[in-house]
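> The following comprises the amino acid sequence and a computationally predicted model.
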Amino acid sequence: MSRIGNRLVLIPQGVTVSFENGVITVQGPKGTLTQAIDKVITPKIENGQISFVKNDNQQETDAKQGLYRALVANMVKGVHDGFEKTLIINGVGYKAQVNGRKIVLNLGYSHPIEVEIPADLNAVCPSITEIKITGTDKQRVGQFASNIRDLRPVEPYHAYGVRYSDEVVIRKVGKAAGKGKK
C-alpha cells in the first residue's frame with residue numbers, strides 16, 4: 001500500500017492542471033511542465049486537488065502511484081514557487097562569475113572552467129564564492145548543481161572545493177593528530 005500515493009496534491013491559485021492522452025500538464029506563473037503517466041495510474045483533478053487512483057492491485061502499481069504523485073507535486077511547486085540550489089565555493093583563489101549564459105569557475109586548476117547554463121535554468125553569483133541556481137524542474141536544478149559540484153568535490157582536510165549550502169563537511173584531522181607528545 002502506497003502512503004505517499006494516497007495523499008492529495010493541492011493546486012494553488014494561478015496554477016492549472018490538465019490530463020489528456022496519458023500526459024499531465026501543469027501550467028503556472030513560472031512556466032509549463034509535462035509528465036507522461038503510466039496507464040495503471042489515473043489522476044483525478046477535482047475541487048483544486050489531484051488524487052491518483054490505481055487501476056489494479058499489484059505491488060508495482062503502489063510504487064508507481066507514489067512516484068507519479070511525488071513527480072506531480074514537484075511540478076506544481078516548481079511552476080508556482082520554483083526550486084533553488086545554492087553552492088558555496090571554498091579555497092584559496094577559488095571563485096565563480098556568470099558571463100552571459102556561462103559560469104566561469106576558477107577551482108585551483110591551471111585553467112578556468114566554463115559551464116554552459118541550460119536554457120530552462122537561471123544562475124547568479126551574489127558573491128564570488130556563491131552560486132544560486134533556480135528553475136521550475138526540481139530534477140534539472142539538482143542535476144545541474146550536482147554537475148558543478150563534481151568539478152571540485154570538497155576535500156576533508158581543509159574543506160576546499162564546491163559544496164551545497166546545507167551540506168555538512170566532516171573534517172579530518174591532519175598528520176599531527178597521529179603523533180603523540182613525548
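Yes, it's here. On a predicted model such as this, the values are computed, not experimentally measured, just so you know.

> Of all residues in this protein, which one is nearest the centre?
Gly142 (2.8 Å; C-alpha atoms, centre = their mean).

> Surely that residue forms part of a helix?
Yes. The assignment for Gly142 is a helix, going by DSSP: H, G, I helix; E, B strand; the rest coil.

> Chain neighbours aside, what residue packs nearest to it?
Sequence neighbours aside, Lys85 is the residue nearest to Gly142 in space, at 6.4 Å (criterion: C-beta to C-beta, 6 or more residues apart in numbering). For every residue, glycine as well, the C-beta is placed using N, CA and C.

> Could you check how many residues crowd around the one you found?
The number of residues packed near Lys85 is 23, by other C-beta atoms under 10 Å.

> where's it relative to Val124, distance?
Relative to Val124, Lys85 is positioned 12 Å away (C-beta to C-beta, to the nearest Å).

> shared neighbours, those two?
Lys132 (C-beta atoms under 8 Å, 6 or more residues apart in numbering).

> ok so, going back, if we go by neighbour counts, what in the strand or helix carrying the residue nearest to Gly142 is buried?
Using DSSP states H and E, Lys85 sits within strand 83-90. Neighbour counts over strand 83-90 (16 or more other C-beta atoms under 10 Å) mark 83, 85, 87-90 as buried.

> before we move on, what about stretch 89-98?
89-91, 94-96.

> one step back: how about CSV for the buried residues of strand 83-90, with pLDDT and distance to Ile45 added?
What follows is the buried residues of strand 83-90, written out as CSV (pLDDT from 0 to 100; distance: C-beta to C-beta, whole Å):
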residue, pLDDT, distance to Ile45
Phe83, 96, 23
Lys85, 96, 30
Leu87, 96, 36
Ile88, 96, 40
Ile89, 96, 43
Asn90, 94, 46
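
> any chance of those in CSV, plus distance to Lys39?
Output for those, formatted as CSV (distance: C-beta to C-beta, whole Å):
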residue, distance to Lys39
Phe83, 29
Lys85, 34
Leu87, 40
Ile88, 44
Ile89, 46
Asn90, 49
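
> And the nearest residue to Gly161 once chain neighbours are set aside, how close does it get to Arg171?
Of all residues not flanking Gly161 in the chain, Val154 sits nearest, at 3.8 Å (C-beta to C-beta, 6+ apart). Distance, Val154 to Arg171, by C-beta to C-beta: 10 Å.

> Those two: who's more crowded?
Ranked by neighbour count (other C-beta under 10 Å), Val154 and Arg171 place Val154 first, with 20 against 12.

> Make sure the residue nearest to Gly161 is actually in contact with Ile89.
No. Under the criterion of C-beta atoms under 8 Å, Val154 makes no contact with Ile89, lying 10.0 Å away.
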